[in-house]
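Asker: When you get a sec, could you give me coordinates for this:
(one chain, ligands or ions: 1)
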Amino acid sequence: RWTEVPLAPPDAIFQLTAAFKADTHPNKVNLGVGAYRDDNSKPWVLPVVKKATEILVNDPALDHEYLPITGLPEYTSAAARLVFGSDSPVITEERVTSVQTISGTGANHLGALFLSRFYHWNDKRVFVSDPTWVNHHQIFPLVDIPVSTYPYYDPQTIGLAFPAFLDTLKKATPRSVFLLHACAHNPTGVDPTREQWGEIADVMLEKGHFAFFDSAYQGFASGDLDNDAWAVREFVRRNVPLLVCQSFAKNAGLYGERVGALHVVSPSKEAAVRIKSQLSVLARSEISNPPAHGARLVSLILNTPELFEQWKRDVKTMSGRIIEMRKELHRLLTEELKTPGNWDHIVNQIGMFSFTGISPAQSKALVETAHIYLTSNGRISMAGLNKHNIRYFAESLDKAVRG
Ligand code: LMR
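Answerer: The predicted structure follows:
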């Protein structure tokens with residue numbers, strides 16, 4: 001029985017978390033999964049989340065009824081305002097359909113499923129950046145959308161392969177779907193400049209391409225929620241057809257609550273209503289209705305002015321600490337250790353991750369000899385570094401680079 005079921009490989013990222021937990025070495029460091037840690041390597045419950053939880057659990061009217069199929073309305077509408085801006089025409093003209101999802105993964109899945117069924121494909125495939133978040137390679141094929149890649153990362157410059165990226169946009173069949181990271185690109189930490197975003201939008205408009213935005217790090221890149229939504233808002237301003245997958249796992253530290261949203265922008269309010277009806281059918285058959293707790297917390301945070309201000313401070317605390325770690329790592333490598341090579345990308349990259357540029361063999365050596373856990377592509381989660389372990393990491397990296 002079940003002899004035909006092959007053994008699947010473990011997930012590249014969560015396997016690292018399990019290996020890290022099982023490791024008893026006193027200096028072990030987890031730079032694998034993209035989850036924020038404080039200066040003592042501990043998960044950080046945002047002060048604003050503590051306050052919102054307090055309010056929620058003391059609410060005598062709290063019950064455990066089903067949410068509507070498309071989610072908590074005051075959550076989805078506030079989430080849409082957060083990403084598009086409250087004065088955005090898609091909000092004021094009611095042209096966005098927002099549905100609560102099982103975090104960013106669920107948003108990607110529901111968005112992909114919707115496109116798979118209803119998009120007017122010339123060539124059914126999604127273009128994702130090379131590289132991208134590993135899970136993108138699984139989510140789309142699951143709903144029968146093959147994945148192709150567009151050049152993104154240039155190992156020569158440890159930066160953006162912009163001309164090759166633009167070339168792929170230009171050569172793709174009209175009305176192709178391109179997955180774009182709204183900010184803080186995972187895994188490289190390399191984002192296009194505003195000027196480059198403008199050029200990307202120009203070609204996408206010209207070719208009628210569709211932008212599938214994955215926005216998992218709003219606030220994490222620059223510490224400013226509006227600034228990190230710039231690319232999405234610029235694409236809206238230029239009328240590039242798009243949807244946005246949104247997650248509150250990272251920026252609200254609500255990893256386990258699975259609180260996210262899918263926002264599909266339409267040319268008219270009437271189309272938005274029809275899209276909502278179809279998303280409801282899809283959501284009903286998959287999850288029936290989404291989980292309430294995380295959505296209630298985020299709704300309280302987004303809809304209560306004092307909590308919203310506190311959240312902005314908390315987001316700055318996280319992004320600020322990460323930026324400090326970037327500066328310190330750069331200083332250690334370039335000034336103290338004089339590690340061979342150019343390390344400016346450490347401070348130029350943005351968000352949760354840094355692509356160190358080291359080889360799979362060097363990454364493996366760090367895991368095996370130094371007990372420093374990172375993905376084999378050389379990505380490190382900057383949030384795993386802190387005052388206590390950064391020197392150990394820099395020295396170990398230095399050794400790995402020198403061979
Ligand atoms: C990551 O890339 O480490 C995170 O987005 C966690 C995940 O789900 O893979």
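Asker: Now do the buried residues in stretch 32-40.
Answerer: Residues of stretch 32-40 classed as buried: Gly32, Val33, Gly34, Ala35, Tyr36, Arg37 (neighbour count, 16 or more other C-beta atoms under 10 Å). Where you see a C-beta, it was placed from the backbone N, CA and C, and this is true even at glycine.
Asker: from those residues, which is closest to the ligand?
Answerer: Using C-beta to the nearest ligand atom, Gly34 comes nearest to the ligand of the buried residues of stretch 32-40, at 3.4 Å.
Asker: what are the phi and psi angles of the closest residue to the ligand within the stretch 251-400 of the chain?
Answerer: The nearest approach of the stretch 251-400 of the chain to the ligand comes at Ser381, 6.5 Å away (C-beta to the nearest ligand atom). With angles defined as degrees, to the nearest 10, Ser381 sits at phi -80, psi 110.
Asker: Quickly list what it is bridged to.
Answerer: Beta-bridge pairing for Ser381 (DSSP bridges): Phe353.
Asker: how far away is Ser288 from Ile69?
Answerer: Distance of Ser288 to Ile69, given as C-beta to C-beta, to the nearest Å: 7 Å.
Asker: typo on my end, Leu243
Answerer: Look at Leu243 and Ile69: by C-beta to C-beta, they are 18 Å apart.
Asker: I'd like the buried residues of stretch 32-40 laid out as TSV, including secondary structure, distance to the ligand and pLDDT.
Answerer: Shown next, in TSV, are the buried residues of stretch 32-40 (DSSP: H, G, I helix; E, B strand; the rest coil; distance: C-beta to the nearest ligand atom, whole Å; pLDDT from 0 to 100):
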residue	secondary structure	distance to the ligand	pLDDT
Gly32	coil	7	93
Val33	coil	4	92
Gly34	coil	3	90
Ala35	coil	7	91
Tyr36	coil	11	95
Arg37	strand	13	94
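Asker: All the helices of the stretch 201-350 of the chain, residue numbers only.
Answerer: Using DSSP state H, counting those that start in this stretch, the helices assigned to the stretch 201-350 of the chain run over residues 225-228, 230-237, 269-286, 293-303, 305-331, 344-348.
Asker: thought His109 was touching Pro141?
Answerer: No. Counting by C-beta atoms under 8 Å, His109 does not reach Pro141; the two are 11.5 Å apart.
Asker: hang on, the earlier thing: which of Ser288 and Ile69 has more residues huddled nearby?
Answerer: Using other C-beta atoms under 10 Å, the more surrounded residue of Ser288 and Ile69 is Ile69, with 18 against 10.
Asker: where's that one, which helix or strand?
Answerer: Under the criterion of DSSP states H and E, Ile69 resides outside all helices and strands.
Asker: And it, how close does it get to Lys276?
Answerer: To Lys276, Ile69 is 10 Å away according to C-beta to C-beta.
Asker: Asn239 too?
Answerer: According to C-beta to C-beta, Asn239 and Lys276 sit 21 Å apart.
Asker: Same check on Ser359?
Answerer: Counting by C-beta to C-beta, the gap from Ser359 to Lys276 is 47 Å.
Asker: So for these two, which sits in the more crowded spot?
Answerer: Lys276 (18 against 15).
Asker: Can you name every helix or strand that whatever helix or strand Val48 lives in contacts?
Answerer: According to DSSP H and E, Val48 maps onto helix 47-57. Identification of packing neighbours for helix 47-57 by 3 or more C-beta pairs under 8 Å, 6 or more residues apart in numbering; DSSP states H and E yields helix 293-303, helix 305-331.
Asker: And the first one, what's buried?
Answerer: If you call a residue buried by 16+ other C-beta under 10 Å, then helix 293-303 has these buried ones: His293, Gly294, Ala295, Arg296, Leu297, Val298, Ser299, Leu300, Ile301, Leu302.
Asker: what's the angle from that helix to helix 47-57?
Answerer: Relative orientation of helix 293-303 versus helix 47-57 (axes from the mean of the first three to the mean of the last three C-alpha atoms, to 10 degrees): 110 degrees.
Asker: got it, and the longest one?
Answerer: Inter-element angle recorded for helix 305-331 and helix 47-57: 150 degrees (by the same axes, to 10 degrees).
Asker: same question for helix 305-331, mean pLDDT?
Answerer: Per-residue pLDDT over helix 305-331 has a mean of 96.
Asker: The ligand contacts on this structure?
Answerer: Ile13, Val33, Gly34, Trp133, Asn135, Asn186 (C-beta under 6 Å from any ligand atom).
Asker: wait, the last one sits on Val134?
Answerer: No. The pair Asn186 / Val134 is not scored as a contact, 9.3 Å apart, by C-beta under 8 Å.
Asker: who's more crowded, those two?
Answerer: A count of neighbours by other C-beta under 10 Å puts Asn186 above the other of Asn186 and Val134, at 24 against 14.
Asker: which residue packs closest to that one, ignoring adjacent ones?
Answerer: Residue nearest to Asn186 in three dimensions, not counting chain neighbours: Trp133, with 4.7 Å by C-beta to C-beta, 6 or more residues apart in numbering.
Asker: Likewise for Glu257?
Answerer: Sequence neighbours aside, Gly294 is the residue nearest to Glu257 in space, at 2.8 Å (criterion: C-beta to C-beta, 6+ apart).
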